[in-house]
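Participant: Predicted model and sequence follow; I will ask about them next.
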Amino acid sequence: MEKSLVVPLQYLKGIGPKRAKSFNKLGINTIEDLLYYFPRRYEDRTNFISISKLQEDQTYTIKAQVLARGERRSFRRRGFSIIEVAVGDSTAKIFCVWFNQPYLKEYFKVGVTLILYGRIERYAGRLQMNSPEFEVVSSKSDESLNIGRITPIYSLPEAMTQRRLRQIIKYALDEYLPKINDFLPFDIRSRNNLLNLAKSLLAIHFPDNFEIQKEALSRLSFEEFFLFQIPLALRKVKKKQRKGIAHQVEGELVANFITGLPFQLTRAQEKVIGEIKADMAAAEPMQRLLQGDVGSGKTVVATIAGLMAIQGGYQAAFMVPTEILARQHYDKISAQSRGVRLGLLTSSANEKEKKRMYKEIAEGEINLAIGTHALLEEAVKFKNLGLVVIDEQHKFGVGQRALLPVKGANPDVLIMTATPIPRTLAITLYGDLDVSIINELPPGRLAVKTMHFTQENKSSAYEIAKDQLRQGSQAYIVYPVIEESYVLDIKGAKKMYSELKSGEFKEFKLGLIHGRLKQSEQDEIMLKFKQKELDLLVSTTVLEVGIDIANATCMMVESAERFGLSQLHQLRGRVGRGRQESFCILISDAETPEAKARLEAMIKYNDGFRIAEEDLKIRGPGEFFGLRQSGLSELRIANPLTQMQLLKKAREEAIRLTHLDPKLEMRQNGLLKEKLLQRFPEYEKLMMVG
């Protein structure tokens with residue numbers, strides 16, 4: 001009997017319940033998840049470079065012995081430790097330095113053999129490796145998986161070494177690969193010259209050479225693109241078969257709303273409204289992606305689309321990723337839309353309030369329902385849903401965006417994102433959607449000035465913030481964690497709030513907001529900030545999406561290297577929403593090339609499309625598209641930017657397949673259908689039947 005790859009990881013030899021928990025934190029819950037947990041890079045350990053041949057500003061892997069070690073304290077930063085280790089081979093020696101990680105010294109006993117990977121830099125006239133990755137070589141038995149071969153390097157679960165993780169993955173491969181049946185149909189593999197699945201998984205983890213690793217990469221990337229494209233292709237087939245709603249797009253409700261706006265619509269907004277109007281007037285369901293940078297006015301456009309549906313007797317639904325954003329939309333649209341009955345539905349609402357909302361939505365008393373994931377609950381039933389708007393779609397993932405429209409009879413769908421991507425890529429990745437772009441900011445909006453300060457120079461950054469506050473503006477200071485993390489040496493928002501309140505910013509009124517506060521507490525603090533009862537808001541990343549306060553002119557991000565590039569750009573978008581000069585200050589002692597690249601991109605670019613391209617290059621697509629969080633078609637290994645041709649081939653195959661066998665009923669597509677339903681369980685009722 002074939003062993004299932006969806007068996008819980010804890011049953012794999014050498015794991016157990018306790019160790020499984022550390023894997024679970026990385027989203028590795030089953031054997032399949034483990035086999036698809038790919039190396040982030042490889043080291044060619046067939047031949048190590050000699051220390052005598054190392055050159056400045058280059059990255060190398062070396063094998064060397066510990067000759068001496070020492071630890072000292074920084075004179076500049078109190079409590080900051082520096083570990084120095086001298087290592088050598090038969091040709092020379094070099095120093096390796098680690099900052100503020102005193103626990104590492106236990107690994108560096110004299111005589112121990114290390115494999116080190118890092119960038120060579122010159123400091124005080126000598127070459128050294130700063131904070132290199134390292135492995136301890138403990139015995140000859142390590143060598144089969146770790147030395148003398150192309151060696152995989154993984155992001156590690158807690159309390160796990162590279163050697164141990166390689167052993168676990170190799171055992172899983174040996175145990176399960178002989179039982180794997182390839183779900184990609186043979187004709188598709190043949191046409192595209194792809195390896196089979198078992199060989200690809202083995203070669204991606206433990207390649208014999210880089211040629212076979214590239215072939216495995218192509219196969220597994222194609223697979224991800226293909227699985228990503230099939231639902232899109234199926235939905236496009238379905239769309240052509242469905243009759244939609246021909247909305248009454250001209251009317252007083254829309255005209256009065258536009259006339260009553262306290263600003264002029266930009267040309268880009270007017271162009272997009274025209275595209276939406278043409279879609280909504282037609283009897284075919286609209287499926288449109290609206291891209292626009294932070295602050296470009298997407299919400300106004302979406303509201304106008306909602307009013308087009310409402311004035312013809314239909315309901316509209318706005319789904320957003322956070323309660324703060326849902327409430328902000330609710331307040332803004334309520335203030336500007338007379339004659340429209342709004343409802344707000346979030347997970348934190350009490351049962352009595354939810355039941356009232358369910359009833360009013362079902363009876364059609366609410367014209368526009370604004371909410372979070374709570375709108376997807378089975379109890380939410382619309383009387384006459386005509387338009388669905390999904391804001392910050394990358395927070396929901398590919399599959400969830402299909403769930404809300406099912407609550408109506410082929411309603412129009414408008415999907416919005418402030419994480420823009422190049423048009424050609426958008427058309428390929430969101431094949432079921434037409435693409436609109438708002439590439440113009442409102443007139444008078446100044447570009448936010450972005451600066452980078454080190455921890456050592458932070459006092460200068462504080463002076464900029466204080467100067468803004470003294471002029472009557474407001475500011476944010478954002479931290480990546482709530483409590484202090486000693487492992488990462490990050491000062492938490494709670495601790496810094498206390499320190500700043502009694503120290504640097506004692507002359508100002510401070511507030512603290514984070515995700516662990518109750519929704520009512522978050523709302524109360526945000527209201528105080530909006531009403532200028534607070535000058536400075538200390539926060540975690542709950543600010544990332546949607547807070548709109550025109551008087552805020554300074555955003556300071558602590559430990560900025562801990563944030564993704566698009567996340568930093570979103571945070572920057574919280575300031576500069578008025579007409580005053582605004583600042584984004586990044587505090588970071590970034591050391592890795594990736595972190596440095598993010599900071600450089602933030603300083604160099606203000607345009608969201610350019611930021612998105614840089615983010616894709618630096619971070620990779622899986623995190624960029626928000627798919628890991630959704631549990632759906634994860635781009636764990638494929639990269640749309642560097643593998644565009646492969647993506648196009650996968651798209652062509654998906655379109656061919658859905659035309660030949662839309663329900664995947666042919667015998668050769670049986671395993672593929674099983675895989676799709678495993679990845680996209682909601683698609684069975686959406687697309688596999690009927």
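Facilitator: Arrived safely, thanks for sending.

Participant: Any figure for the gap between T417 and G306?
Facilitator: The span separating T417 from G306 equals 18 Å under the rule CB to CB, to the nearest Å. C-beta coordinates here come from the backbone N, C-alpha and C atoms, glycine included.

Participant: Repeat that for F529.
Facilitator: 27 Å.

Participant: More neighbours: these two, which one.
Facilitator: When F529 is set against G306 and neighbours are counted by other CB atoms under 10 Å, the residue ahead is G306, at 30 against 23.

Participant: Sticking with the more buried one, tell me its helix or strand.
Facilitator: Using DSSP states H and E, the element containing G306 is helix 298-310.

Participant: Show the subsequent helix or strand relative to that helix.
Facilitator: On the C-terminal side of helix 298-310, the closest following helix or strand by DSSP H and E is strand 315-319.

Participant: what helices or strands is the helix holding G306 leaning on?
Facilitator: Counting by 3 or more CB pairs under 8 Å, 6 or more residues apart in numbering; DSSP states H and E, the packing neighbours recorded for helix 298-310 are helix 252-260, helix 267-281, strand 287-292, strand 315-319, helix 323-336, strand 385-390, strand 412-417.

Participant: what's the angle between that helix and helix 252-260?
Facilitator: 150 degrees (axes from the mean of the first three to the mean of the last three CA atoms, to 10 degrees).

Participant: contact partners of helix 298-310?
Facilitator: Applying CB atoms under 8 Å, 6 or more residues apart in numbering, the external contacts of helix 298-310 come out as 245, 247-249, 251, 253-254, 257-258, 261, 265, 269, 272-273, 276-277, 280, 290, 292, 315-316, 318, 329, 332-333, 336-337, 340, 367-368, 386-387, 389, 391, 411-412, 414, 416, 418, 438.

Participant: and the residues you listed, which are buried?
Facilitator: Burial by neighbour count, judged by 16 or more other CB atoms under 10 Å, picks out 245, 247-249, 253-254, 257, 265, 269, 272-273, 276-277, 280, 290, 292, 315-316, 318, 329, 333, 337, 340, 367-368, 386-387, 389, 391, 411-412, 414, 416, 418, 438 from these.

Participant: list the contacts for F257?
Facilitator: Each residue near F257 by CB under 8 Å, 6+ apart is listed here: T303, I304, L307, Q336, S337.

Participant: okay, those residues in a markdown table with distance to L469 and pLDDT next?
Facilitator: Listed next are the contacts of F257 as a markdown table, based on distance: CB to CB, whole Å; pLDDT from 0 to 100:
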| residue | distance to L469 | pLDDT |
| --- | --- | --- |
| T303 | 33 | 95 |
| I304 | 36 | 96 |
| L307 | 39 | 95 |
| Q336 | 30 | 80 |
| S337 | 34 | 78 |
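
Participant: Confirm for me that R149 is in contact with T46.
Facilitator: Yes. Counting by CB atoms under 8 Å, R149 does reach T46; the two are 6.4 Å apart.

Participant: Neighbour count: those two, which is higher?
Facilitator: With other CB under 10 Å as the criterion, R149 and T46 differ in neighbour count, and R149 comes out ahead with 18 against 11.

Participant: so how far is L116 from that one?
Facilitator: Taken as CB to CB, the spacing of R149 relative to L116 amounts to 17 Å.

Participant: need the longest strand for the protein.
Facilitator: strand 59-73 (DSSP state E).

Participant: Which parts of the stretch 501-650 of the chain are strands?
Facilitator: Counting by DSSP state E, counting those that start in this stretch, the stretch 501-650 of the chain has these strands, from start to end: 510-513, 536-539, 552-557, 583-587.

Participant: Just checking: what are the partner strands of the last one?
Facilitator: Partners of strand 583-587 in the sheet, by DSSP bridges, are strand 449-453 (parallel), strand 552-557 (parallel).

Participant: what's next to the first one, contact-wise?
Facilitator: For strand 449-453, the surrounding residues in contact (CB under 8 Å, 6+ apart) are 460-461, 464, 560, 572, 581-588, 599, 602-603, 606.

Participant: if you set the cut-off to 7 Å instead, what comes out?
Facilitator: Here strand 449-453 makes contact (CB atoms under 7 Å, 6 or more residues apart in numbering) with 460-461, 572, 581, 583-588, 599, 602-603.

Participant: do the same with stretch 652-663
Facilitator: Residues outside stretch 652-663 that contact it (CB under 7 Å, 6+ apart) are I188, F226, Q229, I230, A233, L234, V237, N669, M688.
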